[in-house]
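Participant: For reference, the sequence and a predicted model appear below.
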Amino acid sequence: MTKEHQRLALLKGQEVPVVKWGPYLSEREWGTVREDYSEDGNAWPYFSFDHARYRAYKWGEDGLAGISDVFQNICFGLALWNGKDPILKERLFGLSNGEGNHGEDVKELYYYLDNVPTHSYMEYLYKYPQQEFPYSQLREENRSRSKLEPEYEILDTGVFNNNRYFDVLVTYAKGSDTDIYIKINITNRYSRAAEITVLPTLWFRNQWADNPQARRPSITYRTPTSVQAIHERLGKYFFYFQSPDEVLFTDNETNQFELKGVPNESPFVKDAFHNAVVLGEDSTELRDRRAGTKMAPLYRMKIAPRSTKTLYCRLSDVETDQPFREDFKHVFTDRKREADEFYASILPAGLSADMAAIQRQAIAGVLWSKQYYHYDVEKWLSTSDGITPVNYSKLTGRNSEWQHLKNQDIILMPDKWEYPWYAAWDLAFQCISMAMVDPDFAKHQLLLIMREWYMKPDGQLPAYEWNFSDVNPPVHAWAALQVYNMEKRQKGKGDIVFLKKIFQKLLINFTWWINRKDKKGNNIFEGGFLGLDNIGVFNRSTYGSDMNLEQADGTSWMGTYALNMMDIALEIALHDESFEDAATKFFEHFVLIAEALNEDHLWNEEDKFFYDVLSVPGSQPIPLKTRSIVGLTSLFAVSTISKATMDKLRDFKKRSGWFERYRKEHNKFWPNEERGDQEILLSLVRKDRLVHLIKRLLDEEEFLSPGGIRALSKYHKDHPYSVDIQQSHYTIAYDPGDSTSNIFGGNSNWRGPVWIPINYFIIQSIRRYGEFYGDSLRVEYPAGSGRTMNLCEVADELTKRIISLFEKTPEGRRLNGTYNWFYRQPGNQHLVLFYEYFHGDTGAGLGASHQTGWTALLANLISELGSSKQPYGQPEMVSEGVSVEV
């Protein structure tokens with residue numbers, strides 16, 4: 001075991017497998033639902049970026065390159081000033097949803113370079129312009145652009161031209177879990193000397209405003225280079241720093257004068273450092289003060305061209321008069337070496353240096369996305385934030401049906417700036433990547449979202465804070481299996497207790513789906529947008545109440561869910577026979593869903609594709625003929641049962657055998673296929689239909705792009721689909737880049753781009769088919785090329801296309817579009833961004849730029865490709881026009 005593995009082993013005895021200190025500080029608390037106490041429920045303007053400087057938060061904190069303890073009592077982060085900006089740089093800047101031409105978007109350059117599961121070593125790089133930060137320019141230019149135009153990014157403003165910026169590299173290295181060394185390297189990348197002011201800031205989250213009788217925490221002066229922080233719950237900590245120019249104290253209190261125009265009771269407010277440093281106000285009171293709830297040593301630096309200056313700090317529960325002994329720097333080298341050893345032990349050998357760096361940065365992004373998340377819906381609905389009076393209309397408004405939800409946990413965020421709140425199905429995908437390095441935390445997260453302070457009493461899982469009642473695809477059983485099998489391969493033994501725990505909660509959620517999303521009781525399901533935002537020709541969550549939308553993807557997701565539940569029950573039954581009945585139940589339920597999907601009108605025989613079908617009173621059912629991921633989700637439900645398993649589970653074998661005979665005798669649909677006496681294949685898609693779907697999937701004029709599978713077929717570029725419904729006209733066309741619609745905020749697009757989680761699902765499923773069929777099923781790849789492969793080889797080729805979105809070309813470029821000039825400069829070539837989705841034609845990254853919420857699945861794909869045995873030989877050429885051998 002490596003040192004990091006040993007540290008992880010110490011967490012096994014804990015109820016919650018998290019360390020006391022980590023990257024739990026959000027990168028955006030403003031503009032969130034939990035901080036919104038407005039009467040109209042418009043979170044963005046109620047608590048804006050401009051307010052964040054001087055207004056205390058209620059539910060959490062944010063900061064730059066920061067950390068906090070597990071309950072976010074004490075926070076640490078950086079504040080910077082280049083001598084020109086109108087404000088201190090204390091947090092990342094970005095546009096609100098209404099300011100961006102494609103919704104909210106961060107407008108900064110920052111990178112998660114490294115991290116390990118116990119956060120004993122972490123690196124974060126921030127690039128800070130030396131010219132005035134273009135706040136107004138970014139707002140005004142993006143506001144003036146239409147949805148048909150690209151976003152105006154910070155690299156478009158010119159402030160990074162000629163390398164006129166600072167690299168601020170923050171490194172954390174732990175002496176112990178409660179003893180954290182901090183190194184701040186500031187490099188002047190410009191050809192001339194440049195000045196910068198740095199304030200490493202320590203502060204308490206304001207919890208006393210809600211409880212004035214509680215004992216207020218305090219940071220007090222200790223020596224010219226140290227302070228003491230005392231918190232009733234956390235105890236005593238010491239913050240050590242090198243000799244500064246000044247030491248400033250204030251309080252984490254709202255500046256009422258800035259907010260309301262009324263005098264403050266005290267000058268010691270949240271933005272006092274801004275007033276002193278940027279506005280040049282007299283800082284004597286801040287310097288002379290010896291206690292507060294926010295403090296910072298201040299350093300004024302002038303850094304020579306292409307040179308680096310380094311600051312060291314230490315946050316520790318150890319009191320000492322020599323915090324920086326002569327050999328203290330070895331902590332950084334030791335933790336870095338241990339991080340290297342940890343990754344060398346778990347990542348595949350033989351990768352190129354570039355590929356290994358990409359994989360490690362992807363995992364680092366997932367680890368940095370841990371965040372303290374606090375939201376008590378009942379309290380939020382019924383109380384004031386001290387600024388706006390209690391708004392009783394909220395009691396029937398957003399999330400009012402979720403008053404049981406009381407979250408206060410460390411949980412993975414999709415993107416700590418763009419989406420600083422958990423999302424149910426994003427979390428499932430994140431756990432699969434997390435399981436590569438910390439399966440215990442991955443299991444904890446999956447169980448957490450199922451707990452009674454998350455799951456609604458009726459079994460519904462919370463979607464996300466903007467609307468907990470939205471419905472995301474039911475992927476948690478699939479994710480639980482993925483995590484279980486990954487750990488089983490790593491350790492040689494699976495965690496059956498975990499499977500039993502999550503199976504019991506999944507039963508409740510599965511029942512909710514059956515009772516709420518199958519109106520007719522015919523195993524054809526609805527679900528609304530199902531996480532795919534604008535993929536429908538209209539908003540699938542808001543069609544007329546007198547209509548009924550039978551969804552191909554809703555039905556396919558439920559078929560997948562039933563099959564996953566069967567697989568979990570079978571695995572448990574090998575250890576506990578009482579689960580055999582449950583396996584039989586889900587096996588039979590899967591068969592009924594498969595029958596409904598294939599025998600109902602969702603399959604279009606003319607197009608050889610699955611479509612949603614809309615029923616309108618007084619009209620024939622309308623198939624909504626959009627060739628999209630909706631029609632391909634049927635591929636996801638695929639599993640195999642070995643004959644050895646069948647022989648061990650005699651009751652399951654007996655019951656499934658009877659069920660098969662009965663259905664075949666009565667000419668009913670049967671989805672299973674056998675391979676000799678070795679294995680049984682269960683899938684939603686018959687082999688003939690599988691061939692048709694894969695042919696379309698692998699057609700470069702339809703779904704297959706250079707960077708993976710598109711969410712909507714390119715066919716609709718020249719053939720938009722339109723439909724008229726009750727005097728309304730709807731149209732959908734291939735839209736490979738940013739969204740041009742306003743559905744679900746307009747900041748994500750499923751009408752053509754490549755989405756990594758869906759590609760991961762497709763690749764996993766095709767590989768499963770390939771393992772069953774072997775060379776007995778070969779398809780053209782790409783369609784029409786005359787080159788055939790078995791499906792395992794196809795899965796490998798699709799994986800390579802996904803990887804190509806990130807790796808360097810032979811010329812040393814990545815797919816950074818118009819910004820290649822920046823990422824080809826010395827010192828920038830190793831930097832990788834993990835975007836939310838990717839252009840369907842060019843592969844350029846789009847949407848959230850740090851979406852390791854699910855784009856980190858790239859790390860899994862790299863490992864899986866590295867371990868692929870490709871057992872079925874090499875591709876062979878066939879005559880032109882022959883697309884399939886069966």
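Facilitator: Looks like it came in fine.
Participant: tell me which residues form a beta bridge with the residue lying closest to residue 307 once chain neighbours are set aside?
Facilitator: Closest residue to residue 307 apart from its sequence neighbours, by Cβ to Cβ, 6 or more residues apart in numbering: residue 188 at 5.8 Å. C-betas here are computed from N, CA, C, even on glycine. According to DSSP bridges, the residues that bridge with residue 188 are residue 166.
Participant: In the helix or strand hosting residue 169, which of the residues would be classed as buried?
Facilitator: Here residue 169, judged by DSSP states H and E, is contained in strand 165-176. Across strand 165-176, burial judged by 16 or more other Cβ atoms under 10 Å covers 165, 166, 167, 168, 169, 170, 171, 172, 173, 174, 175.
Participant: Looking at that strand now, give me its mean pLDDT.
Facilitator: Strand 165-176 comes out with an average pLDDT of 98.
Participant: tell me how far that strand is from the chain's mean position?
Facilitator: Strand 165-176 has its C-alpha centroid displaced from the chain centroid by 24 Å (Cα atoms, centre = their mean, to the nearest Å).
Participant: Please export the alpha-carbon coordinates of it; PDB is fine.
Facilitator: Extracted in PDB, the C-alpha atoms of strand 165-176 (Å, rounded to 0.1, in the frame of the first residue of the first chain):
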ATOM      1  CA  TYR A 165      -0.300  38.200 -16.300                       C
ATOM      2  CA  PHE A 166       0.600  36.400 -13.100                       C
ATOM      3  CA  ASP A 167       0.500  32.700 -12.600                       C
ATOM      4  CA  VAL A 168      -0.700  32.100  -9.000                       C
ATOM      5  CA  LEU A 169       0.000  28.500  -8.100                       C
ATOM      6  CA  VAL A 170      -1.400  27.500  -4.700                       C
ATOM      7  CA  THR A 171      -0.100  24.200  -3.300                       C
ATOM      8  CA  TYR A 172      -1.400  22.500  -0.100                       C
ATOM      9  CA  ALA A 173       0.600  19.800   1.700                       C
ATOM     10  CA  LYS A 174      -0.500  18.300   4.900                       C
ATOM     11  CA  GLY A 175       1.800  17.400   7.800                       C
ATOM     12  CA  SER A 176      -1.300  15.800   9.300                       C
END
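Participant: three-state assignment of the residue nearest to residue 813 when sequence neighbours are not counted?
Facilitator: Of all residues not flanking residue 813 in the chain, residue 820 sits nearest, at 5.4 Å (Cβ to Cβ, 6+ apart). On the three-state scheme (DSSP: H, G, I helix; E, B strand; the rest coil), residue 820 is labelled helix.
Participant: Look up phi and psi at residue 250.
Facilitator: According to degrees, to the nearest 10, the main-chain angles of residue 250 amount to phi -150, psi -170.
Participant: how near is it to residue 273?
Facilitator: Distance of residue 250 to residue 273, computed by Cβ to Cβ, to the nearest Å: 6 Å.
Participant: how far does stretch 161-175 sit from the chain's center?
Facilitator: Chain-centre distance of stretch 161-175: 24 Å, with Cα atoms, centre = their mean.
Participant: rewinding a little: which residues are in contact with both of residue 250 and residue 273?
Facilitator: Taking Cβ atoms under 8 Å, 6 or more residues apart in numbering as the contact rule, residue 250 and residue 273 both touch 286, 294.
Participant: For residue 741, give me its contacts.
Facilitator: 147, 534, 749, 751.
Participant: Can you tell me which member of those residues has the lowest pLDDT score?
Facilitator: Ranking these by pLDDT, residue 534 lands last with 87.
Participant: Quick check: chain neighbours aside, which residue is closest to that one?
Facilitator: Closest to residue 534 by Cβ to Cβ, 6+ apart is residue 743, at 4.0 Å.
Participant: same question, residue 747
Facilitator: residue 103 (2.6 Å).
Participant: tell me what the helix or strand hosting residue 51 is packed against?
Facilitator: For residue 51, the element it lies in under DSSP H and E is helix 49-52. Applying 3 or more Cβ pairs under 8 Å, 6 or more residues apart in numbering; DSSP states H and E, one finds that helix 49-52 makes contact with no other helix or strand.
Participant: which element follows that helix toward the C-terminus?
Facilitator: For helix 49-52, the following helix or strand on the C-terminal side (DSSP H and E) is strand 64-69.
Participant: Show me the contact partners of that next one.
Facilitator: 20-25, 27, 61, 74-80, 89-92, 110, 119, 124, 126, 168, 170, 172, 180, 205, 234, 372.
Participant: Walk me through which strands that strand pairs with, and which way each runs.
Facilitator: strand 21-22 (antiparallel), strand 74-81 (antiparallel).
Participant: tell me the pLDDT at the residue of the chain positioned farthest from its centre?
Facilitator: Within the chain, the residue lying farthest from the chain centre (Cα atoms, centre = their mean) is residue 665, at 47.9 Å. Per-residue confidence at residue 665 stands at 96 (pLDDT).
Participant: do the same with residue 813
Facilitator: 85.
Participant: neighbours around it, how many?
Facilitator: Residues near residue 813, counting by other Cβ atoms under 10 Å, number 12.
Participant: And residue 674, by the same measure?
Facilitator: Neighbours of residue 674 (other Cβ under 10 Å): 12.
Participant: Could you do the one 3 residues further on as well?
Facilitator: Under the neighbour criterion other Cβ under 10 Å, residue 677 is assigned a count of 6.
Participant: Residue 173 versus that one, what's the distance?
Facilitator: Distance, residue 677 to residue 173, using Cβ to Cβ: 57 Å.
Participant: dump the residue contacts of the nearest residue to residue 51 once chain neighbours are set aside.
Facilitator: Of all residues not flanking residue 51 in the chain, residue 30 sits nearest, at 6.4 Å (Cβ to Cβ, 6+ apart). Residue 30 sits next to 47, 48, 49, 51, 52, 57, 62 when contact means Cβ under 8 Å, 6+ apart.
Participant: which SS state does the residue nearest the centre of the chain fall under?
Facilitator: Note on the chain: the residue nearest the mean C-alpha position is residue 853, at 1.6 Å, using Cα atoms, centre = their mean. Classification of residue 853 using three-state DSSP returns coil.
Participant: Quick check: nearest residue in space to it, chain neighbours excluded?
Facilitator: residue 414 (3.1 Å).
Participant: State the pLDDT value of the one you found.
Facilitator: On the pLDDT scale, residue 414 gets 97.
Participant: Surely it is in contact with residue 425?
Facilitator: No. With contact defined as Cβ atoms under 8 Å, residue 414 does not reach residue 425; the gap is 9.7 Å.
Participant: List the contacts of the residue nearest to residue 853.
Facilitator: Applying Cβ under 8 Å, 6+ apart, the residues near residue 414 are 369, 422, 423, 426, 430, 848, 851, 853, 854.
Participant: Same check on residue 220?
Facilitator: By Cβ under 8 Å, 6+ apart, the neighbours of residue 220 are 227, 228, 229, 230, 290, 291.
Participant: which among the residues you listed gets closest to residue 450?
Facilitator: residue 229 (35.9 Å; Cβ to Cβ).
Participant: for the closest one, helix, strand, or coil?
Facilitator: With three-state DSSP as the criterion, residue 229 reads strand.
Participant: quick one: it and residue 222 touch, right?
Facilitator: No. Using Cβ under 8 Å as the test, residue 229 is too far from residue 222 to be in contact (9.8 Å).
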